[in-house]
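A.B. asks: next come a sequence and a model predicted from it.
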Amino acid sequence: MSTAIRDALLQERPRVPRERLTIVLCAPTYFGVDYVINPWMEHHLGDADHALATEQWNELRRRLQAEARLEFIPPKPLLPDMVFTANAGLVVGGKAIVSRFRTMERRGEESLFQEWFIQRGLEIEPWPEDVAFEGAGDALLDRGRHLIWCGYGFRSSADAPSLIERIIERRTIGLRLVDPRFYHLDTCFCPLSEGRLLYFPAAFNDVARQTIESLVPKEDRIAVGAQDAASFACNAVEANGRIFLNDASLELQAQLRDFGLEPIVTPLSEFLKAGGGAKCLTLRLDEA
């Protein structure tokens, strides 16, 4: 990347005013660990406490409701992971790219998400059937630069970043994921307001780490440790100066406060058994 491009991106860091977000959720009516498609599920097959999961989801919903306008997509039987709406697709500026799930277990969600997007008046963008892409689980908008970060390697194809860049008309930077526990970008990487970043460096290959560090100054990055990463601290939702997440060490909470963010710990242990946290359970519909 040229110095000119890097400097231009670093300068695009406006302060984010208070905003009313629009977030879509899906109730955990049929949630469970019914199959194994990631390492978190391996030891929890059939082990999710549905009553507790419902209680935890309702608490997250209650907390988000104070900061965002919530919409809901109806859950469907036999699709236990539909609760993770981040994987429905990528929605930017009235356009929606519907996910193309790599695993057969989740492909039944695609037509349901597409139908829901159409009902909301979103323009469905074409996407090749043979290119895996798992939506806002792997494609995350930077909060200070005019770019999209896109993880690939486990669930999304290496071709996904260039396709997103062409469709959304925004620079898209591919980041190679190398730790199967962090199979989606949003499990190990969280763009924060003013162009700041929360991330787990060990989840990326050397080239991806160098790319991140070349674009985001050290003082604007929080590199979380292994324990916080395993608690899905990076799988967080920021809204109006608050950041909602499953758990965070006292050290990480202090670092977030230094960034002007108030950590809101909302336990999601049952969803972690399926490999998801707060961010996985949400999809923003108002990305500009």
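C.D. replies: It's in.
A.B. asks: centre of the chain to stretch 267-276, how far?
C.D. replies: On the basis of CA atoms, centre = their mean, to the nearest Å, the separation between the geometric centre of stretch 267-276 and that of its chain is 14 Å.
A.B. asks: span of that stretch from start to end?
C.D. replies: For stretch 267-276, the first-to-last residue distance is 12 Å (CA to CA, to the nearest Å).
A.B. asks: which residues are in contact with that stretch?
C.D. replies: In this structure, residues lying in contact with stretch 267-276 by CB atoms under 8 Å, 6 or more residues apart in numbering are 28, 31, 33, 38-41, 44, 47-50, 52-53, 56-57, 60, 80-81, 83-84, 183, 187, 231-232, 235, 246-247, 277-278, 280-281. All C-beta atoms are positioned from the backbone trio N, CA, C, and that covers glycine.
A.B. asks: count the neighbours of the closest residue to Trp57 other than its chain neighbours for me.
C.D. replies: What sits nearest to Trp57 in space, not counting adjacent residues and going by CB to CB, 6 or more residues apart in numbering, is Pro28, at 4.9 Å. Here the number of neighbours of Pro28 (other CB atoms under 10 Å) works out to 23.
A.B. asks: any figure for the gap between Pro28 and Glu55?
C.D. replies: Applying CB to CB, to the nearest Å, the value for Pro28 to Glu55 is 10 Å.
A.B. asks: quick one: residues contacting Ile148.
C.D. replies: Contact criterion CB under 8 Å, 6+ apart gives 92, 139-142, 161, 164-165, 168, 170-173 as the residues in contact with Ile148.
A.B. asks: no wait, Ile73
C.D. replies: Under the criterion of CB under 8 Å, 6+ apart, the contact partners of Ile73 comprise 24-26, 82, 85, 88, 112-113, 116.
A.B. asks: helix or strand next in line after the helix or strand of the chain with the lowest mean pLDDT, which one?
C.D. replies: Sorting the helices and strands of the chain by mean pLDDT, DSSP states H and E puts helix 3-11 at the bottom, at a mean of 44. Per DSSP states H and E, the first helix or strand lying C-terminal to helix 3-11 is strand 21-25.
A.B. asks: show me the contact partners of that next one.
C.D. replies: Strand 21-25 is contacted by residues 57, 61, 64, 67-73, 85, 88, 237, 239-240, 281-286 when judged by CB under 8 Å, 6+ apart.
A.B. asks: let's see it at 6 Å
C.D. replies: Judged by CB atoms under 6 Å, 6 or more residues apart in numbering, the contacts made with strand 21-25 from elsewhere in the structure are 68-73, 85, 239, 282-286.
A.B. asks: pull the distance from it to the chain's centre.
C.D. replies: Distance of strand 21-25 from the chain centroid (CA atoms, centre = their mean) equals 13 Å.
A.B. asks: so in that sheet, which strands flank that strand, and in what orientation?
C.D. replies: Within its sheet, strand 21-25 is paired with strand 68-72 (parallel), strand 283-284 (antiparallel), according to DSSP bridges.
A.B. asks: most neighbours per residue, which of the ones you listed?
C.D. replies: Taking mean count of other CB atoms under 10 Å as the contact definition, the stretch among those with the greatest mean neighbour count is strand 283-284, which reaches a mean of 23.
A.B. asks: show me how far it is from its chain's centre.
C.D. replies: Here the centre of strand 283-284 is set off from its chain's centre by 9 Å, with CA atoms, centre = their mean.
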